[in-house]
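# Just to be clear, the model below is a prediction. Sequence and coordinates:
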Amino acid sequence: AVEPRAPGSPRIIAIANQKGGVGKTTTAVNLATALSACGRRTLIVDLDPQGNASTGLALDSNQRRLGAYQVLVGGASLAAATQPTVVPNMSIVPTTPDLAGAEIELIELDRREYRLRDALARAASKEPLPYDFIIIDCPPSLSLLTLNAMVAADCVLVPLQCEFYALEGLSQLMRTIDRVKRALNPVLEIQGVVLTMYDKRSSLNEQVASDVRAHFGAKVYETEIPRNVRVAEAPSHGKPALLYDIRCAGSQAYVRLAGELLKREHGLSGRSLSAA
Ligand code: ADP
Ligand code: MG
């Protein structure tokens, strides 16, 4: 049911963790911004009905006529639902209020787990997608919307907050990724795990981080995203942290994360990413 994608097509990364508040949206927006700043053409797909990525990028809701809902359920083209953002090189398929009902509506639809993948394939069949990366911001659940992201994606990037239950949540996520891989999208892989809102002074953070690193080894990014008030403030100014305050520790960490990610991606054989 899944066609291999053409070489040179965008690398599609789902940012997923069924826990809320772990830094998915912050990572999606700031990683995408850092990649754009490196000259990579980037598209964010906001698949969370809460629409934090869309509001954090100052897309006001009456500007958002078409979005992810219309692409998944309404048959709108990807291009029609895509808007520019304040960040050069970075576009977004925003959330519209109807996305909240999509979970229910999708159940009844044909190829319900493949809706996003099919929409991307339809768009790519007309002309090559004008992106190097597509970053999908998932809702905090392992629902049909997240499944659509995992089926459309090449890989999953997992933001993880180093708290007591982090590892339990992670094993459930890994089982889901495994099931998707076996049943729906055989190429899906774990792109990486990134530790978010990290506080070096917290011994619990440190203990969990070392457990996660012991378990996932090189999958865990060296870059840790520190807890940083500027990062938390940025969305209320309608900007990614990187535009709000490029010098703050959080922005700098996202720049390093993008550098590490590009290094990993260039290491993949048979993939062409356009140069910066
Ligand atoms: P999710 O998308 O997983 O629900 P968010 O990215 O929305 O998580 O982050 C949850 C909350 O934590 C938000 O209020 C966000 O601004 C804040 N936050 C995220 N990353 C950081 C950080 N590195 N430092 C401080 N606050 C952060
Ligand atoms: Mg979110």
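Received, thanks. Ligands and ions are numbered 1, 2, ... in the order given.
# Output the below-cut-off pLDDT ranges for the stretch 1-150 of the chain.
1-7, 60-64 (pLDDT under 70).
# All the helices of it, residue numbers only.
24-37, 52-56, 68-72, 102-108, 115-126, 144-152 (DSSP state H, counting those that start in this stretch).
# got those helices as TSV, with mean neighbour count columns?
All C-beta atoms are positioned from the backbone trio N, CA, C, and that covers glycine. Shown next, in TSV, are the helices of the stretch 1-150 of the chain (neighbours: other CB atoms under 10 Å):
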stretch	mean neighbour count
helix 24-37	27
helix 52-56	24
helix 68-72	26
helix 102-108	14
helix 115-126	18
helix 144-152	25
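# between the ones you listed, which gets nearest to L160?
Each of the helices of the stretch 1-150 of the chain was scored for nearness to L160 using CB to CB, and the closest is helix 24-37 (10.2 Å).
# That closest one and ligand 1, any residue contact?
Yes - for helix 24-37, a contact with ligand 1 is found by CB under 6 Å from any ligand atom, at 24-26.
# for these, which one is nearest ligand 2?
T25 (3.3 Å; CB to the ion).
# Quick one: residues in contact with the helix or strand where I190 lies.
Following DSSP states H and E, one finds I190 within strand 189-196. Outside strand 189-196, the residues that touch it by CB atoms under 8 Å, 6 or more residues apart in numbering are 13, 22-23, 26-27, 154-162, 170, 174, 177, 181, 209, 212, 216, 219-221, 223-225, 257, 261, 264.
# now the angle from it to helix 24-37?
Angle, strand 189-196 to helix 24-37, by axes from the mean of the first three to the mean of the last three CA atoms, to 10 degrees: 110 degrees.
# Can you point out the buried residues in strand 189-196?
For strand 189-196, the neighbour count (16 or more other CB atoms under 10 Å) marks 190-196 as buried.
# roughly how far out does that strand sit from the chain middle?
Relative to its parent chain, strand 189-196 has a centroid offset of 11 Å by CA atoms, centre = their mean, to the nearest Å.
# residues in the stretch 151-276 of the chain within reach of ligand 1, list them.
196-197, 225, 227-228, 231-232, 235, 250.
# Go again with 8 Å.
When proximity is defined as CB under 8 Å from any ligand atom, the stretch 151-276 of the chain approaches ligand 1 at 159, 196-198, 225-229, 231-235, 250, 253.
# for those residues, which one is nearest P140?
Distances from P140 to those, taken by CB to CB, are shortest for P159, at 11.1 Å.
# Need the three-state assignment for that closest one.
strand (DSSP: H, G, I helix; E, B strand; the rest coil).
# Next up, the contacts around it.
15, 17, 22-24, 26-27, 193-194, 196, 225.
# bridging residues for it?
Judged by DSSP bridges, the bridge partners of P159 are V194.
# Do you know the pLDDT at G267?
Listed pLDDT for G267 reads 73.
# what do you get for L273?
Reported pLDDT for L273: 44.
# hmm, back to that, can you tell me which of the residues of helix 24-37 next to ligand 1 is nearest C138?
K24 (6.3 Å).
# Now the residue in the stretch 101-250 of the chain positioned nearest to ligand 1: which helix or strand?
Of all residues in the stretch 101-250 of the chain, A232 sits closest to ligand 1, at 3.6 Å by CB to the nearest ligand atom. If you go by DSSP H and E, A232 is part of helix 229-233.
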